[in-house]
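# let's see this in three dimensions:
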Amino acid sequence: LHGKNPTQGIELCSVVELMYSLENILAITCDIQFAEHIEKISYNALPAQIKPDFSSRQYFQSANQVMLTRHRHNFYEEDNHGGTDLCFGLLTGYPCCTCNMHQGWPKFIQNLFYSTRNNGVAALIYAPCHVNMLVADSIPIRIVEETNYPFDEVIKFTINCPDGIQFPFQLRIPSWCSNAEVRLNNEKFLTPAAGKVCIINREWADGDQIKLTLPMVIGFSRWVENSVTVERGPLVYALRIFEEWSTRDDSDRFGSYEEVRPLDPWNYGLLESAIANPKNGFKVIKTGSDILHPWSLKNTPIEITTQGKIIPEWGLYNEMPGPLPHSLPPNYLQDSIMKEITLVPYGCTKLRITEFPVVF
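Residues are numbered from 1 along each chain as shown. As a prediction, the model looks like this:
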């Protein structure tokens, strides 16, 4: 989603197809970097482009988008599908997304666990689930994974198997996690390295539990025009913008669709001082919202608050955020009032700013 233009669109079909390609590449290569890519796409891009009830979808999404209207926007495409590419509908943009959007989550779930060549188990992508597998000499076992990941740091596995069976259990430790901890039956067992696979090879007893803790800290990535994106664990965070939805029908081949407009200001820059000291500059808040239906502004399980400043000249261009201001001088907004802003997981948003200018 990132690139030279943070308002460049990416197709929903491309998101689903990329997930499927990476899932197959992971199984073929066993290279765990692809597991991180899968989580990043699945837990950010996929839910952002589909309404929670799957009643409609957006053909194109952008890292920065603040109006989803029928308009010729400022990203290039030979056929802009009557300007409907950003609107939510069943026929807006190109109808392939309506046919393909439902494939993302089922194929994601199919690729959480893997059998290994040494007749063991590998948990490479994390989500609440259970799996029935054959291990050792084709002995059936059941593993129950309980977690609120990617919103929470703790993942618990309960193994149901015959006592005394031996097989290796492999766990992926993400590259963003430098202080992972593995506990076995509530006793500290390992402190594995980041970006590696942790292997537990032992004789198992029915009911054994593994508790994997993946501490998440706020980090940043830099993008076009020296802009900053806020990340924590596998989640990318975006400015929370409350939305106004309206329904239109222009009696053409695109059918009925919905437009979305902002109810809040969106043209904020993040403070350089907060980025330099994220421990003090950003506050993580767990909201206690419904974790079973997390992908909406109403139910965001986690939020991050920080300070920002409005950049007055950063406005709309073709009903999209205009070009990002680059490297504003330290005294440029010195008299501007700092305001508290809230960042939410990208996947919970339909309107958002994800690539922020940096201000002083």
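
# quick one, what contacts residue 93?
For residue 93, the contact set (Cβ atoms under 8 Å, 6 or more residues apart in numbering) comprises 11, 58, 59, 60, 81, 84, 85, 87. For glycine as for every other residue, the C-beta is placed from the backbone atoms N, C-alpha and C.

# the closest residue to it other than its chain neighbours and residue 12: what is the separation?
Setting aside the residues directly before and after it, residue 93 is nearest to residue 59 in space (Cβ to Cβ, 6 or more residues apart in numbering), at 2.2 Å. For residue 59, the distance to residue 12 equals 6 Å [Cβ to Cβ, to the nearest Å].

# which neighbours do those two share?
residue 97.

# re the thing from before, the residue nearest to residue 93 and residue 140: what is the separation?
Residue 59 is 44 Å from residue 140, by Cβ to Cβ.

# next: residue 298.
From residue 298 to residue 140 the distance is 41 Å (Cβ to Cβ).

# over to residue 82?
Taken as Cβ to Cβ, the span from residue 82 to residue 140 is 54 Å.

# the two: which is more packed in?
Per other Cβ atoms under 10 Å, whichever of residue 82 and residue 140 has more neighbours is residue 82, with 15 against 11.

# ok so the more buried one is a helix residue?
Yes. Judged by DSSP: H, G, I helix; E, B strand; the rest coil, residue 82 forms part of a helix.

# how about it: what's its closest non-neighbour residue?
residue 254 is the one closest to residue 82 (Cβ to Cβ, 6+ apart), at 5.8 Å.

# same question for residue 66.
Per Cβ to Cβ, 6+ apart, closest to residue 66 is residue 266, 4.6 Å.

# swap in residue 321?
Counting by Cβ to Cβ, 6+ apart, the residue nearest residue 321 is residue 64, at 4.7 Å.

# burial count for the one you found?
With other Cβ under 10 Å as criterion, residue 64 counts 23.

# now swap in residue 54 and tell me
11.

# so it makes contact with residue 104?
No. Contact criterion Cβ atoms under 8 Å: residue 54 and residue 104 do not qualify, at 10.4 Å.

# now do the SS call for the residue nearest to residue 160 when sequence neighbours are not counted.
The shortest distance from residue 160 to any non-neighbouring residue, by Cβ to Cβ, 6+ apart, is to residue 142 (4.3 Å). Per three-state DSSP, the secondary structure class of residue 142 is strand.

# my read: residue 142 touches residue 130, true?
Yes. Counting by Cβ under 8 Å, residue 142 touches residue 130, with 6.5 Å between them.

# just to revisit the earlier point, ok, the residue nearest to residue 160 to residue 113 distance?
Counting by Cβ to Cβ, the gap from residue 142 to residue 113 is 11 Å.

# kindly report the same for residue 178.
25 Å.

# more neighbours: the two, which one.
residue 113 (18 against 12).

# so what's the residue nearest to that one when sequence neighbours are not counted up against?
Spatial nearest neighbour of residue 113, chain neighbours left out: residue 131 (4.6 Å); criterion: Cβ to Cβ, 6+ apart. When contacts are counted by Cβ under 8 Å, 6+ apart, residue 131 touches 112, 113, 142, 143, 145.

# likewise residue 170?
Counted by Cβ under 8 Å, 6+ apart, residue 170 has contacts 116, 120, 121, 122, 123, 124, 197, 198, 199, 200.

# dump these to CSV, plus neighbour count, distance to residue 70 and secondary structure.
Output for the contacts of residue 170, formatted as CSV (neighbours: other Cβ atoms under 10 Å; distance: Cβ to Cβ, whole Å; DSSP: H, G, I helix; E, B strand; the rest coil):
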residue, neighbour count, distance to residue 70, secondary structure
116, 16, 51, coil
120, 19, 53, coil
121, 22, 50, strand
122, 20, 46, strand
123, 24, 44, strand
124, 21, 41, coil
197, 17, 48, strand
198, 19, 50, strand
199, 15, 54, strand
200, 19, 54, strand
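
# and the furthest pair within the residues you listed?
The span of these, defined through Cβ to Cβ, is set by 124 and 200 at 14.4 Å.

# buried set for stretch 157-170?
Within stretch 157-170, the residues scored as buried using 16 or more other Cβ atoms under 10 Å are 157, 158, 159, 161, 165, 167, 168, 169, 170.
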